[in-house]
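**Q** Everything below, folded, please.
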Amino acid sequence: MKDKGFVVSVGPHIQSKNSVTHVIYGFVIALLPVIAAGIYFFKMKAVEIVVTAVVSAILFDALFQKMICKKVDLMSGHALLMGLLFAAIMPISVPWWAVAVGVFVGLLVGEYVYGGFGNNPFHPVLVGWAVLKLSYPSYLSMASSVLGVLKLEGISAIVEDYSYFSEAYGVGDWSTLGGKLKLLIKVLLGWKPGAWGDYLFGCVGCICALAILVGAVFLFIKRYINWYAPIGFLGTVLLFSLIFYNGDRQYLYPFILIQIFSGSTLLAAFFFVTDFVTTPFTPLGMFIFGAMAGLVTMLGRLWGKWVDPVWFAILVANAFTPLIDRFTRPKPFGRVKSSV
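**A** Below you'll find the model as predicted:
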């Protein structure tokens with residue numbers, strides 16, 4: 001008869017139904033409205049980028065697993081998630097072959113040289129983006145986007161010359177609360193082609209803020225992410241927008257809307273600074289990480305040369321993750337310093 005007593009096992013002792021694969025597919029589901037919005041705005045060009053990124057990620061992931069003598073596993077959803085994330089941050093000016101190159105380099109240099117998924121210090125999607133940005137800057141230029149015009153010509157040009165935030169855009173006056181809410185709703189839905197011209201420009205997954213927020217709400221409900229890093233990131237972006245805005249005060253409100261709801265701000269806040277592998281693990285560390293990424297982002301937007309350096313900012317913050325973890329790690333319960 002088996003002796004009944006205490007059973008000692010290896011942690012973790014608090015079990016959950018959520019596995020790594022389960023969480024990965026949760027992020028994939030959260031990205032679906034983001035990708036759908038990109039396809040709605042950009043049509044077949046977005047489809048080309050998404051299909052190229054996903055197929056490339058799956059094929060290269062299988063190839064690299066085979067090369068390191070690891071059992072090929074494509075059902076974890078990791079390659080699918082990486083492909084969707086990479087497609088989401090690609091401008092529609094990128095040719096299909098550049099997308100494939102970015103995915104290849106991101107997986108190889110950003111992940112498999114460190115041993116594969118879970119060992120990488122930098123986000124592999126952003127490593128691939130950085131290589132493309134440095135190698136083919138013209139393809140990843142955001143000068144024609146809303147943030148680009150804001151940086152190159154100023155907020156007054158967006159309102160006056162390009163008819164944004166005006167009667168042509170459907171908002172005659174944003175001085176009232178109703179006008180501010182109406183303007184906010186229009187910005188959340190995305191920039192319509194009519195006001196900006198015949199050609200709509202942007203990244204596949206960054207064109208509709210509402211779609212990103214829908215995916216973020218799903219992640220919060222499922223508790224796949226928490227609020228520490230997003231609040232640190234978005235709070236810093238908002239703070240810098242308020243303090244260092246130097247234009248006409250009547251345009252402060254649309255300036256803030258552009259900084260938060262345009263470009264890659266929301267996608268970065270909920271899908272990248274919340275990454276489990278490349279970000280700190282303590283609540284305080286997550287907040288500091290998000291604030292650091294937001295700081296570098298706004299330094300670049302306000303005084304740097306890049307239009308939207310948010311992905312570079314996250315890579316910089318990734319480099320500080322070990323240091324942040326070191327200084328925010330809680331002291332083990334009951335431990336005291338040894339006497340000299």
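
**Q** only C-alpha atoms for contact and neighbour calcs from this point on.
**A** Will do.

**Q** ok, Asp275 to Val20 distance?
**A** Look at Asp275 and Val20: by CA to CA, to the nearest Å, they are 12 Å apart.

**Q** more neighbours, the two?
**A** Taking other CA atoms under 10 Å, Asp275 and Val20 do not tie; Asp275 has more neighbours (15 against 12).

**Q** Could you report the pLDDT at that one?
**A** pLDDT for Asp275: 93.

**Q** I'd assumed it was in a helix, is it?
**A** No. Using DSSP: H, G, I helix; E, B strand; the rest coil, the secondary structure at Asp275 is coil, not a helix.

**Q** which phi and psi does Cys203 have?
**A** phi -90, psi 150 (degrees, to the nearest 10).

**Q** ok, now how distant is it from Pro322?
**A** From Cys203 to Pro322 the distance is 31 Å (CA to CA).

**Q** what about these two, which has more around it?
**A** Legend: neighbour count by other CA under 10 Å for Cys203 and Pro322, higher for Cys203 (23 against 16).

**Q** Show me what the more buried one is bridged to.
**A** Beta-bridge pairing for Cys203 (DSSP bridges): Pro91.

**Q** What's the first helix or strand after the helix or strand Ala79 falls within?
**A** Per DSSP states H and E, Ala79 falls inside helix 78-88. Of the helices and strands lying after helix 78-88 in sequence (DSSP H and E), the nearest is helix 96-110.

**Q** Now do that next one, average pLDDT.
**A** For helix 96-110, the per-residue pLDDT averages 95.

**Q** Over to stretch 324-339?
**A** So the average pLDDT for stretch 324-339 ends up being 74.

**Q** Check stretch 149-166 too.
**A** 74.

**Q** what does stretch 240-256 give?
**A** 87.

**Q** what distance separates the start and the end of it?
**A** First-to-last residue span, stretch 240-256, CA to CA: 10 Å.

**Q** Now it: buried residues?
**A** Neighbour counts over stretch 240-256 (16 or more other CA atoms under 10 Å) mark Phe240, Ser241, Leu252, Tyr253, Pro254, Phe255, Ile256 as buried.

**Q** Any idea how far stretch 102-109 is from the middle of the chain?
**A** 17 Å (CA atoms, centre = their mean, to the nearest Å).

**Q** Any chance you could list what contacts that stretch?
**A** 53, 56-57, 60-61, 64, 83, 86, 124-129, 131-132 (CA atoms under 8 Å, 6 or more residues apart in numbering).

**Q** who wins for most neighbours among those residues?
**A** Ala53 (30 neighbours).

**Q** and that residue, how far is that from Ser264?
**A** Taking CA to CA, one finds Ala53 at 18 Å from Ser264.

**Q** do the same with Ser19
**A** Per CA to CA, Ser19 is found 28 Å from Ser264.

**Q** Show me which of these two is the more surrounded one.
**A** Per other CA under 10 Å, whichever of Ser19 and Ser264 has more neighbours is Ser264, with 24 against 9.

**Q** Quick check, pLDDT for the more buried one.
**A** On the pLDDT scale, Ser264 gets 90.

**Q** so which two of the buried residues of stretch 240-256 are the farthest from each other?
**A** The distance between the two most remote of the buried residues of stretch 240-256 (CA to CA) is 14.5 Å, for Phe240 and Pro254.

**Q** my guess is Tyr251 is in a helix, correct?
**A** Yes. Counting by three-state DSSP, Tyr251 is located in a helix.

**Q** how close does it get to Phe220?
**A** 32 Å.

**Q** next one: Tyr136
**A** Going from Tyr136 to Phe220 by CA to CA gives 36 Å.

**Q** excluding its backbone neighbours, what's nearest Thr297?
**A** Val310 (4.9 Å; CA to CA, 6 or more residues apart in numbering).

**Q** Spatially nearest residue to Leu126 (excluding sequence neighbours)?
**A** Distances taken as CA to CA, 6+ apart put Trp311 closest to Leu126, at 6.2 Å, once the chain neighbours are dropped.

**Q** What's the local residue count around the one you found?
**A** 24.

**Q** which SSE is it in?
**A** helix 310-319.

**Q** Mind giving me the packing neighbours of that helix?
**A** helix 124-135, helix 265-271, helix 283-303 (3 or more CA pairs under 8 Å, 6 or more residues apart in numbering; DSSP states H and E).

**Q** okay, those in JSON lines with distance to Phe104 next?
**A** Listed next are the helices and strands packed on helix 310-319 as JSON lines, based on distance: least, CA to CA, whole Å:
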{"stretch": "helix 124-135", "distance to Phe104": "7"}
{"stretch": "helix 265-271", "distance to Phe104": "21"}
{"stretch": "helix 283-303", "distance to Phe104": "25"}
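
**Q** for those, which one sits closest to Cys208?
**A** Cys208 sits nearest to helix 265-271 of all these, at 9.8 Å, using CA to CA.

**Q** show me what contacts Val127?
**A** Taking CA under 8 Å, 6+ apart, one finds Val105, Gly106, Val109, Gly110, Leu315 in contact with Val127.

**Q** go again using 7 Å as the cut-off
**A** Gly106, Gly110 (CA atoms under 7 Å, 6 or more residues apart in numbering).

**Q** any idea how far it lies from Pro137?
**A** Val127 is 15 Å from Pro137, by CA to CA.

**Q** Fine, thanks again, bye for now.
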